[in-house]
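A.B. asks: the following comprises the amino acid sequence and a computationally predicted model.
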Amino acid sequence: MINQEEMASNEANVEQVDQPAAEVNEQETTKEVVEQEFDWETFAEEGAYPKAKKAEYEAMYNETLSSVAEGEVVDGTVIALNKREVVINIGYKSEGVVSISEFRYNPELAIGDTVEVYVENQEDKKGQLVLSHKKARSLRSWDRVNQALDKDEVIKGYIKCRTKGGMIVDVFGIEAFLPGSQIDVKPIRDYDIFVGKTMEFKVVKINQEYKNVVVSHKALIEEELEQQKKDIIAKLEKGQVLEGTVKNITSYGVFIDLGGVDGLIHITDLSWGRVTHPEEIVQLDQKLNVVILDFDDAKKRIALGLKQLTPHPWDSLDQNLKVGDVVKGKVVVMADYGAFVEIAPGVEGLIHVSEMSWSQHLRSAQEFLKVGDMVDAQILTLDREERKMSLGMKQLKQDPWEKIEEKYPVGSQHQAKVRNFTSFGVFVEIEEGVDGLIHISDLSWTKKIKHPAEFTAVGADIDVVVLEIDKENRRLSLGHKQLEENPWDVFESVFTVDSIHEGTIIDVFDKGAVVALPYGVEGFVTPKHLVKEDGTSGKVDEKLEFKVIEFNKVAKRIILSHSRIFEDSKKADDDAEKKSKASSTQKAVKKLKANLEKTTLGDISELAALKTELEENQKKTKAKAASKKTKAAEKKDEKEENTDDKAAE
């Protein structure tokens, strides 16, 4: 601050300028007198001026200075700047100095610019005014950011650094987030090139709760491009050829920049041939000509094509090529149902899996071919208009069914491989393309097979004999048991009805049991015929004697009974006892007749009457008993026969 005494001294010195020498001498003389008469005590108390004059001068000086307070944000003018500092005049009695780093967001700062500053201290120890531009921006930044969002203003920001998913931007002293997708309309491959740059942005989102700000540079570009798109789309026509730049490559196609508007070349429109990935055809930033296939004004979508600029390969296909010709090609695509073979660039034919082999088994095409294989095939169908072609491989080999009767006559024996099971039989393959069926009843003469899996396994070899040939339907009826003679011709004389044989119980179930008999044949026993003499039933692996109660050669069925053995023995004993009793009765009658001859006539009459009555009663009783016994036996036999038949079946 300027000293008032110095101001007074300066004024005195001014009065002395340009005075003549005589006057100087006079003044020196006068000065000596004045100094002797000067009242220093009064001067020390009142100063060089009277109090009223002094107050007037101070008021005039203060009017030339700005009134500022610490903690206040004011506007100042840049009056000087260098690489380290910026000097700012806020109208105070001294200027403030601010570090140039606080203005790095604004590299265009120049002398004369108006900036806002925060008064930290009116006067530090050195008498210097302390200002801060960063704090001033921070105090006003939140209001400015909200204002920029509300009014859709364009603001400047300094990109400080890179972060996950984007960049950190200094906007009015606030760290805002710039997503990677909002930097440019084009995909950014190197984010680091933007660090340290000052760019224009738009505030697109603010989270008031967490004080988060999201900005976008892409939004500014899109506004400009939107008008360009409208102008470009308005001039588009189908079939028009334009030059574009490859902007992005995806697995399904290529995006082309047509100078402000993007179009898509689908992967199928890149080449007439097969394309696994678009990178096989184009590269990023490559310039190429494309043709407009279609466009949507409303959705602003443009479909482009590249292959349409070249003739279709089918148009240049050899005109002499016809059905039946053999061609050579490369497998380019594999599917479960077949293989696509390229016989010329852009010209493909399908070999269906059924045309790869004469075999009737359903297989996958991958079992025969793989991508990259070179194959020979015969043209089966050729449609130039639809541009479709079907090929076949098996046609290059002889059809095994053409001479099937010669190679596999009825009665001939062969070895086959089991391919599949069904509930009714086994499908086997004698050679590739020649299949046959062995019915479940033709697997064994003696065993009762419920499912073919009990007899053989898939992939196993089995000997067969040809029983029947159906050339039209390409089927063979085969047998396995026919390799041996029918043992039931012999069994008929061995297992006669009422014959007794030792057998082993091998299985027991609800309806009865299966018994293994001699010579490898099996018989069936119902539960009631499995009961032993002690009342218990036979168990698995138990050996017992069984009586044959039924033998059916046609149905290959033997019905057995264990209980019938001891039941028949008991019945024989009962019959013998009855015969003995009848013999005793006859002897008693003869004796009675002899005694009667010796009696009187009166006695004879009474005895005759009594005898007649007894004989009639005896006849009635026997007749009733015989009738009941006959009916019971008939019912029993009928029931047994029905039960045995059902169980055996």
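C.D. replies: Arrived safely. Model, not experiment: these values are computed from the prediction. Residues are numbered from 1 along each chain as shown.
A.B. asks: now do the helices in the stretch 451-600 of the chain.
C.D. replies: 488-494, 563-596 (DSSP state H, counting those that start in this stretch).
A.B. asks: brain fart, the stretch 301-450 of the chain
C.D. replies: 404-407.
A.B. asks: tell me where the model's unsure across it.
C.D. replies: 360-363 (pLDDT under 70).
A.B. asks: repeat that for the stretch 501-649 of the chain.
C.D. replies: In the stretch 501-649 of the chain, residues with pLDDT under 70: 573-577, 579-611, 613-614, 617-618, 620-649.
A.B. asks: give me that answer again for 50
C.D. replies: Where the stretch 501-649 of the chain drops to pLDDT under 50, the residues are 599-601.
A.B. asks: how about the contacts made by the residue most central in space within the chain?
C.D. replies: Central residue of the chain (Cα atoms, centre = their mean): residue 251, 17.6 Å from the mean position. By Cβ atoms under 8 Å, 6 or more residues apart in numbering, the residues touching residue 251 are 267, 277-278. For the C-beta atoms, the positions are set from N, CA and C on the backbone; glycine is no exception.
A.B. asks: next, give phi and psi for it.
C.D. replies: Residue 251 has phi and psi values of phi -70, psi -20 when expressed as degrees, to the nearest 10.
A.B. asks: repeat that for the one 4 residues further on.
C.D. replies: With angles defined as degrees, to the nearest 10, residue 255 shows backbone torsions of phi -90, psi 130.
A.B. asks: grab the nearest non-local neighbour of it.
C.D. replies: Distance criterion Cβ to Cβ, 6 or more residues apart in numbering; nearest residue to residue 255, sequence neighbours excluded, is residue 248 at 4.3 Å.
A.B. asks: and that neighbour, what is it in contact with?
C.D. replies: 187, 254-255, 284.
A.B. asks: how does it look with 10 Å?
C.D. replies: 186-187, 254-257, 262, 264, 278, 284 (Cβ atoms under 10 Å, 6 or more residues apart in numbering).
A.B. asks: for residue 168, same thing?
C.D. replies: 157-162, 175-178, 195.
A.B. asks: which secondary structure state does residue 193 sit in?
C.D. replies: Put simply, residue 193 is helix when judged by DSSP: H, G, I helix; E, B strand; the rest coil.
A.B. asks: okay, now it: neighbour count?
C.D. replies: Residues lying near residue 193 (other Cβ atoms under 10 Å) number 9.
A.B. asks: also the one 3 residues further on?
C.D. replies: A total of 11 residues lie near residue 196 under the criterion other Cβ under 10 Å.
A.B. asks: model confidence for it, exactly?
C.D. replies: The pLDDT attached to residue 196 in the predicted structure is 88.
A.B. asks: who's in contact with it?
C.D. replies: Residue 196 neighbours (Cβ under 10 Å, 6+ apart): 104, 158-161.
A.B. asks: so it belongs to a helix, correct?
C.D. replies: No: going by three-state DSSP, the assignment for residue 196 is coil, not a helix.
A.B. asks: so which of the contacts of residue 248 comes closest to residue 506?
C.D. replies: Nearest to residue 506 among those, counting by Cβ to Cβ, is residue 278 at 69.9 Å.
A.B. asks: tell me how far that closest one lies from residue 267.
C.D. replies: 6 Å (Cβ to Cβ, to the nearest Å).
A.B. asks: now the contacts of residue 196 in JSON lines, with pLDDT and distance to residue 124?
C.D. replies: Written out in JSON lines, the entries for the contacts of residue 196 read as follows (pLDDT from 0 to 100; distance: Cβ to Cβ, whole Å):
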{"residue": "104", "pLDDT": "81", "distance to residue 124": "24"}
{"residue": "158", "pLDDT": "90", "distance to residue 124": "29"}
{"residue": "159", "pLDDT": "90", "distance to residue 124": "34"}
{"residue": "160", "pLDDT": "89", "distance to residue 124": "30"}
{"residue": "161", "pLDDT": "90", "distance to residue 124": "33"}
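A.B. asks: out of the residues you listed, which are buried?
C.D. replies: Buried members of these, scored by 16 or more other Cβ atoms under 10 Å, are 158-160.
A.B. asks: now flag whichever of those is closest to residue 457.
C.D. replies: Looking across these and measuring by Cβ to Cβ, the closest to residue 457 is residue 159, at 73.1 Å.
A.B. asks: quick one: the strands in the stretch 351-500 of the chain?
C.D. replies: Remark: strands assigned in the stretch 351-500 of the chain by DSSP state E, counting those that start in this stretch are 374-383, 388-392, 413-422, 425-431, 434-439, 461-470, 475-479, 500-509.
A.B. asks: so the second one versus strand 374-383, what angle?
C.D. replies: Relative orientation of strand 388-392 versus strand 374-383 (axes from the mean of the first three to the mean of the last three Cα atoms, to 10 degrees): 130 degrees.
A.B. asks: mind listing residues that contact strand 388-392?
C.D. replies: 314, 317, 321, 323, 326-327, 329, 338-341, 343, 347-352, 354-356, 375-383.
A.B. asks: and if we set it to 7 Å?
C.D. replies: 341, 349-352, 355, 377-382 (Cβ atoms under 7 Å, 6 or more residues apart in numbering).
A.B. asks: can you tell me which of the residues you listed lies nearest to residue 520?
C.D. replies: Using Cβ to Cβ, these come closest to residue 520 at residue 355, 47.2 Å.
A.B. asks: for that closest one, which non-adjacent residue is spatially closest?
C.D. replies: Going by Cβ to Cβ, 6+ apart, residue 355 has residue 392 as its nearest residue, at 3.8 Å.
A.B. asks: and the one you found, how many neighbours does it have?
C.D. replies: 17.
A.B. asks: swap in residue 147?
C.D. replies: Counted with other Cβ under 10 Å, residue 147 comes out at 13.
A.B. asks: pretty sure it belongs to a strand, no?
C.D. replies: No: per three-state DSSP, residue 147 lies outside any strand segment and is helix.
A.B. asks: quick one: it and residue 78, what's the gap?
C.D. replies: Residue 147 is 24 Å from residue 78, by Cβ to Cβ.
A.B. asks: ok, residue 340 next?
C.D. replies: From residue 340 over to residue 78 (counting by Cβ to Cβ), the distance is 73 Å.
A.B. asks: with residue 501 instead?
C.D. replies: Applying Cβ to Cβ to residue 501 and residue 78 gives a distance of 127 Å.
A.B. asks: what of residue 113?
C.D. replies: 5 Å.
A.B. asks: what about these two, which has more around it?
C.D. replies: residue 78 (18 against 15).
A.B. asks: thinking the more buried one is in contact with residue 89, fair?
C.D. replies: No: using Cβ atoms under 7 Å, residue 78 makes no contact with residue 89, being 8.2 Å away.
A.B. asks: and for the nearest residue to residue 559 once chain neighbours are set aside, the neighbour number?
C.D. replies: In space, and not counting its chain neighbours, residue 559 is closest to residue 550: 3.7 Å by Cβ to Cβ, 6+ apart. Neighbour count for residue 550, taken as other Cβ under 10 Å: 19.
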